[in-house]
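Student: Kindly return the folded structure for what I paste below:
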Amino acid sequence: MFGEGTLFIGIILAALAFVSLADIVRDRQKLFDARLTEDERQRLTRFAAFVLLPLSVLAHEGGHAAMVKVYGGEIVDFGFYLFYGFVAHIGVYTPLELAVIAFSGPLVNIVIGLVVLAWAWYRPLTPERVAGNYLLFVFGALELFNALVFYPVFDALGGIAGDWQSIYSRDTPLFSSLIALNHIALLVGAAVIWRNPRFQAGYAPRTGRRVKVIHTPIAGVPTPRGDGNTEAVDRQNDMGGVLTVAAATAADGWRHPVQLLTDAQAGGSQVILRWESNGFNRALLIHAMPGVPGEVGENGEPSTHRVELHAAIEAPSMNVPPFQRPLARIDGQPNVPELIPYIQRFLEYIDNWDGATVVSPN
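Tutor: From the prediction side, this is the model:
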């Protein structure tokens, strides 16, 4: 129907599908572990778009073919180009039967999308299923978007005389009106559910989205002044970025929802990871203090850059200040890969800390 361009685009998408499938198979053990990184999310999204979505196109055409048989028609041709397919048929149909045949393909996609999303939501949640849940959510969302938004708009503006022109035919006003009402209800319902805080609270742990980053100063803490030393301010900003990226990466996909607060202080940068578990408010404080050339520290040695990590724990039910203790000091200027193991290790330590432990982890 689209000419030679259809075949060419199909070949390109087939190549992308093969690359995406090979990528998933090669790294399947790492991809489907308990921690889901941003890079892994992108790879799973590509797999959903280039492998799973084309399979749903095949199911779409199968829906048309099945309904043609129900109404006694004969299939004379079939085509599948990954992103596009068709079922050519002949028969004697009423206008309503033609509309139902046209709707049977999108209906298959809508049902697949809803079932996949329900499966991702209701299946038992375990850390090892985070990647699978994310893949299901992405595929289900793409399936519904393609069936309810992209295809109808493309049909209306692209002049392809596709399914939705037959579905919304003037020859079937009652059927078309019922479909339109349900079409609108699904779109409005999807928007309302996505914006619902309860859904977001459930979606986050199911897909490993647990880090909320707040780039605002912490109340009561001074902001950096710089004192005209632009080099010192640049060093401070650079290290603040390192702390933020390392903390967000280390906490992403962890078992607890984590709030990440960034704070540019006078003379340093600080990142705080806060969460709640077992009745305690817990926090890991990561403070970077840049060294100043020419200055001497308290020990008489030249001032050097350092990163300090501290633990804090608080019992909300007790009217007492949070208990804090130092955990580690890293001399020098660590980079993101060097900081991540420290942060992950101390997240686990603080999470298992009962507030009275006095022995630091080795």
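Student: Next, please give the residue ranges for the helices of the protein.
Tutor: For the chain, the helices defined by DSSP state H occupy 4-26, 28-31, 38-47, 53-70, 95-122, 130-145, 151-158, 163-167, 173-195, 197-207, 230-251, 336-351.
Student: mean pLDDT for these: which is lowest?
Tutor: Note on the helices of the chain: helix 230-251 shows the lowest mean pLDDT, a mean of 69.
Student: now the helices of the chain in JSON lines, with distance to I330 and mean neighbour count?
Tutor: C-beta coordinates here come from the backbone N, C-alpha and C atoms, glycine included. What follows is the helices of the chain, written out as JSON lines (distance: least, C-beta to C-beta, whole Å; neighbours: other C-beta atoms under 10 Å):
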{"stretch": "helix 4-26", "distance to I330": "35", "mean neighbour count": "14"}
{"stretch": "helix 28-31", "distance to I330": "27", "mean neighbour count": "12"}
{"stretch": "helix 38-47", "distance to I330": "25", "mean neighbour count": "17"}
{"stretch": "helix 53-70", "distance to I330": "45", "mean neighbour count": "18"}
{"stretch": "helix 95-122", "distance to I330": "40", "mean neighbour count": "19"}
{"stretch": "helix 130-145", "distance to I330": "30", "mean neighbour count": "22"}
{"stretch": "helix 151-158", "distance to I330": "53", "mean neighbour count": "14"}
{"stretch": "helix 163-167", "distance to I330": "60", "mean neighbour count": "20"}
{"stretch": "helix 173-195", "distance to I330": "41", "mean neighbour count": "13"}
{"stretch": "helix 197-207", "distance to I330": "30", "mean neighbour count": "14"}
{"stretch": "helix 230-251", "distance to I330": "11", "mean neighbour count": "18"}
{"stretch": "helix 336-351", "distance to I330": "7", "mean neighbour count": "17"}
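Student: ranges for the strands of the stretch 201-350 of the chain?
Tutor: 211-214, 258-265, 268-277, 280-289, 306-314, 323-331 (DSSP state E, counting those that start in this stretch).
Student: Would you format those as JSON lines with mean pLDDT and distance to G91 included?
Tutor: Shown next, in JSON lines, are those (pLDDT from 0 to 100; distance: least, C-beta to C-beta, whole Å):
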{"stretch": "strand 211-214", "mean pLDDT": "51", "distance to G91": "56"}
{"stretch": "strand 258-265", "mean pLDDT": "76", "distance to G91": "59"}
{"stretch": "strand 268-277", "mean pLDDT": "86", "distance to G91": "62"}
{"stretch": "strand 280-289", "mean pLDDT": "89", "distance to G91": "67"}
{"stretch": "strand 306-314", "mean pLDDT": "90", "distance to G91": "73"}
{"stretch": "strand 323-331", "mean pLDDT": "89", "distance to G91": "75"}
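Student: Nearest to D23 among those strands would be which one?
Tutor: Closest approach to D23 among those (C-beta to C-beta): strand 211-214, 24.9 Å.
Student: re earlier: nearest to A312, out of the helices of the chain?
Tutor: Closest among these, once you apply C-beta to C-beta, is helix 336-351, at 8.1 Å.
Student: before we move on, back to that, okay if I get the strands of the stretch 201-350 of the chain as TSV plus mean neighbour count?
Tutor: Converted to TSV, the strands of the stretch 201-350 of the chain look like this (neighbours: other C-beta atoms under 10 Å):
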stretch	mean neighbour count
strand 211-214	15
strand 258-265	20
strand 268-277	20
strand 280-289	21
strand 306-314	19
strand 323-331	14
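Student: So for V258, what's the nearest residue that isn't a sequence neighbour?
Tutor: A251 (4.4 Å; C-beta to C-beta, 6 or more residues apart in numbering).
Student: what do you get for V245?
Tutor: V336 (5.2 Å).
Student: Thought A59 was touching S104, still the case?
Tutor: No: look at S104 against A59 with C-beta atoms under 8 Å: they stay out of range, at 10.8 Å.
Student: on that earlier part again, please look at the residue nearest to V245 and A248 and confirm they touch.
Tutor: No: V336 is beyond contact range of A248, at 9.9 Å (criterion: C-beta under 8 Å).
Student: how far does stretch 309-326 stretch from start to finish?
Tutor: For stretch 309-326, the first-to-last residue distance is 6 Å (C-alpha to C-alpha, to the nearest Å).
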